[in-house]
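A.B. asks: Generate a structure from the sequence data that follows.
(one chain, ligands or ions: 1)
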Amino acid sequence: MLYTTRRLLARKNIALVAHDHLKESLLNWCNKNREILSQHNLCGTGTTGTLINKETGLDINPMLSGPMGGDQQIGALIAEGKIDILIFFWDPLNAVPHDPDVKALLRLSTVWNIPVATNQATANALIQSAIFTQEVDIEIPDYQSYLADRVK
Ligand SMILES: O=C(CO)COP(=O)(O)O
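C.D. replies: Numbering: from 1, shown residues only. Sure, this is the predicted structure:
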């Protein structure tokens, strides 16, 4: 695989997602970091995004609810280079009906090499890092050369 570079601008497109038992934790985290989050473009899965807006007043674009396709919508945005950071408080102690979608979302985040936090400690580290406030270049698969190679 050849790689190329994608520049993440200072104002990031951030996806926020939490499973049910971790929604309170993510809501508290959003409240605590409200000021810095308000400087970015936010989206989230349906319930998470709606609750964040209701509880914090942050402007956030809610996709469908996770079990109804929201994880897949965010995964598609990541594949299209339209999400820069994923904050996903996923629940390692409870099964969800859409586990394949959760895996797909985490897989695509890794394929496209975006910064991901899957727990509060990593979310804290990320939001305190320069990634949240400055332009940063990430290495991503060179899709054009991948495709050209496959069709030659
Ligand atoms: O299920 C989710 C992530 O896998 C989250 O979906 P909701 O935000 O709609 O609860």
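
A.B. asks: What does the nearest residue to Asp101 once chain neighbours are set aside show for phi and psi?
C.D. replies: Nearest residue to Asp101, sequence neighbours excluded (C-beta to C-beta, 6 or more residues apart in numbering): Asp71, at 4.0 Å. For the C-beta atoms, the positions are set from N, CA and C on the backbone; glycine is no exception. For Asp71, the backbone dihedrals are phi -60, psi -40 (criterion: degrees, to the nearest 10).

A.B. asks: Hmm, Leu106 and Asp71 touching each other?
C.D. replies: No - here Asp71 lies out of contact with Leu106, judged by C-beta atoms under 8 Å, at a distance of 9.1 Å.

A.B. asks: who has more neighbours, the two?
C.D. replies: Neighbours per residue (other C-beta atoms under 10 Å) separate Asp71 from Leu106, with Asp71 holding more: 29 against 17.

A.B. asks: Residue numbers of this structure in contact with the ligand?
C.D. replies: For the chain, the residues in contact with the ligand (C-beta under 6 Å from any ligand atom) are 17, 19, 45-48, 65-67, 70-71, 96, 102.

A.B. asks: now do 5 Å
C.D. replies: Val17, Thr45, Gly46, Thr47, Thr48, Ser65, Gly66, Asp71, Val102 (C-beta under 5 Å from any ligand atom).

A.B. asks: Just to be sure, the first one is in a helix?
C.D. replies: Read it as Val17. No - read with DSSP: H, G, I helix; E, B strand; the rest coil, Val17 is strand and lies in no helix.

A.B. asks: For burial, what's the neighbour tally of the residue of the chain found nearest the ligand?
C.D. replies: Of the residues in the chain, the one nearest the ligand is Gly66, at a distance of 2.1 Å by C-beta to the nearest ligand atom. By the criterion of other C-beta under 10 Å, Gly66 has 27 neighbours.
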